[in-house]
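Trainee: just need the structure, nothing else, for what follows:
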Amino acid sequence: MKILFLGDVMGRAGRAAITEHLPELRKSWRLDFVVVNGENATNGMGLSAPHARLLLEAGADVVTLGDHAFDQKDMLAFCATEPRIIRPLNFSRSAPGMGARVFDAPQGRKVLVCQVLGQVFMKRPFDDPFSAVDTVLRQYPMGGQVQASLVDMHCEATSEKMAMGHYCDGRASIVVGTHTHVPTADAMILPSGTAYQTDAGMCGDYNSVIGMEKAEPLRRFITGMPKDRFTPAADPATLSGLYVETDDRTGRANRVEMVRHGGRLSAAGPA
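Mentor: Numbers count the residues shown, from 1 in each chain. All right, here's what the predicted structure looks like:
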């Protein structure tokens, strides 16, 4: 199966890049399944229902969220009624929506998508992500009920993301990190067959400070004093993420490539 994961969509520029490029990529790369992290797509802070619909209509099969999942209040109701939205699995049990779900893919295949929040350096404590993921992966083993599975590990610490990758090795097809907006150069297939990248990066304007216009973040770093709100950078965005090919029989990855498409970081994609 050919699977594309795209990292945090950042503001208007990120949304524009998704709508412009994703339909073309689905066709030219013959993608079977696409997952997009959309939690910063609305003004860099959360995801609104209209913007979630836009990402889905552009070609995302699933949209994952993150620690800003419900910053846009209409997502509380939308997440409960739209099964293609996945919020963090280890949120409060009273949170609407689901943190893991099995989706249909072409030719009768099934794909599990799961998202968890890390605990290290995060603003508030969440439930243990490792036990949460373990429960889901035991319920949906690869080569059994699902032909592929993807874990979106949304957190700050690279060590925690790497630990999750090794914890899931051989039990998930893909473990990919999100949240920091900076792509890492460590895409690999782990020893037991799980495709891994510490952070997919963002779908946003890289002439920025993690997707925000530079002036205000620089002012705060230099002076320690805020003046204005952060504003998402608006130049053409780069789609950043991970392309993976999996074996339908075992669910293991047999090919992995970093994706940098359009904008400032563009590079050749899958041949």
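Trainee: give me phi/psi at residue 165?
Mentor: Backbone torsions of residue 165, given as degrees, to the nearest 10, read phi -60, psi -50.
Trainee: ok, now which ones touch it?
Mentor: By C-beta atoms under 8 Å, 6 or more residues apart in numbering, residue 165 lies in contact with 153, 175, 190, 194, 196, 198. (C-beta placed from N, C-alpha, C; glycine too.)
Trainee: could you list which of those belong to strands?
Mentor: Residues of the contacts of residue 165 located in strands (DSSP state E): 153, 175, 196.
Trainee: okay, those in TSV with neighbour count next?
Mentor: Below are the ones in strands among the contacts of residue 165 laid out as TSV (neighbours: other C-beta atoms under 10 Å):
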residue	neighbour count
153	27
175	28
196	27
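Trainee: pLDDT and distance to residue 31 added to those, as CSV?
Mentor: Below are the ones in strands among the contacts of residue 165 laid out as CSV (pLDDT from 0 to 100; distance: C-beta to C-beta, whole Å):
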residue, pLDDT, distance to residue 31
153, 98, 22
175, 98, 19
196, 98, 20
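Trainee: of all these, which comes closest to residue 229?
Mentor: Proximity of the ones in strands among the contacts of residue 165 to residue 229 (C-beta to C-beta) peaks at residue 153, which lies at 28.8 Å.
Trainee: mind listing what that closest one touches?
Mentor: For residue 153, the contact set (C-beta under 8 Å, 6+ apart) comprises 115-116, 118, 129, 160-161, 164-165, 175-178.
Trainee: strands along the stretch 101-250 of the chain, start to end?
Mentor: Assigned by DSSP state E, counting those that start in this stretch, the stretch 101-250 of the chain shows strands spanning 110-117, 148-154, 174-178, 188-189, 195-197, 202-203, 239-246.
Trainee: average model confidence for the first one?
Mentor: Per-region confidence: strand 110-117 scores 97 on mean pLDDT.
Trainee: distance between it and the chain's centre?
Mentor: 10 Å (C-alpha atoms, centre = their mean, to the nearest Å).
Trainee: centroid-nearest residue for this protein?
Mentor: residue 37 (3.5 Å; C-alpha atoms, centre = their mean).
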